[in-house]
Each structure stands twice: as C-alpha cells, then as structure tokens.
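**Student:** This is a predicted model, with the sequence first.
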Amino acid sequence: MVLLMKEEISERMLKILVCPSDKSKLEYNEKKTHLICSTCGNKYEVKDGIPVFLD
Ligand SMILES: [Zn+2]
C-alpha cells in the first residue's frame, strides 16, 4: 500500500520534472533508482521517491 502510493507520487512528479541542465524530459532507469535525462544522459539519484538534483 505504502509502496503503491510512493510509486503514484513518483509518476506524477516525473511529468513535471525536467533536467536542470537542459530542461529535457527525465526517465527512470530499469531499477527505478535513478532518473536519466533523455538528452544529456545525466543521472539523478531517487531517494524515497524523491529525485536528488545535485550540481
Ligand atoms: Zn539533461
């Protein structure tokens, strides 16, 4: 139940999140541990369903 809710929030967040560098769409990797930019390939770690954007 908790996991499903987290997943739902993540999917919703994903639609409004963009790469900080080039404003491109972000996608989950296979294990859903990171978001990957479709343009520059940058990876952003996802902790508890929240992406961490670090310079
Ligand atoms: Zn990018």
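**Tutor:** Looks like it came in fine. Since the model is a prediction, treat every value here as computed from it, not as a measurement.
**Student:** In a strand, Lys15, correct?
**Tutor:** No: read with DSSP: H, G, I helix; E, B strand; the rest coil, Lys15 is helix and lies in no strand.
**Student:** neighbours around it, how many?
**Tutor:** Residues near Lys15, counting by other C-beta atoms under 10 Å, number 9. Yep, even glycine has a C-beta here, placed from its N, CA and C like the rest.
**Student:** Please apply the same query to Leu35.
**Tutor:** Leu35 has 23 neighbours, counted by other C-beta under 10 Å.
**Student:** Same check on Gly49?
**Tutor:** Neighbour count of Gly49, defined by other C-beta under 10 Å: 15.
**Student:** And the next helix or strand past the helix or strand of the chain with the lowest mean pLDDT?
**Tutor:** In the chain, the helix or strand scored least confidently by mean pLDDT, DSSP states H and E is helix 2-16, which has a mean of 70. The first helix or strand that comes after helix 2-16 along the chain, using DSSP states H and E, is strand 26-28.
**Student:** Direction included, what does that following strand pair against?
**Tutor:** In the sheet, strand 26-28 lines up against strand 34-37 (antiparallel) (DSSP bridges).
**Student:** residues from this structure in reach of the ion?
**Tutor:** Contact residues, the chain versus the ion (C-beta under 5 Å from the ion): Cys19, Ser21, Asp22, Ser24, Cys37, Thr39, Cys40, Asn42.
**Student:** Run through the residues that contact the last one.
**Tutor:** By that I understand Asn42. By C-beta atoms under 8 Å, 6 or more residues apart in numbering, Asn42 lies in contact with Cys19, Ser21, Ile36.
**Student:** what's around Lys32, how many residues?
**Tutor:** If we define neighbours as other C-beta under 10 Å, then Lys32 has 11 of them.
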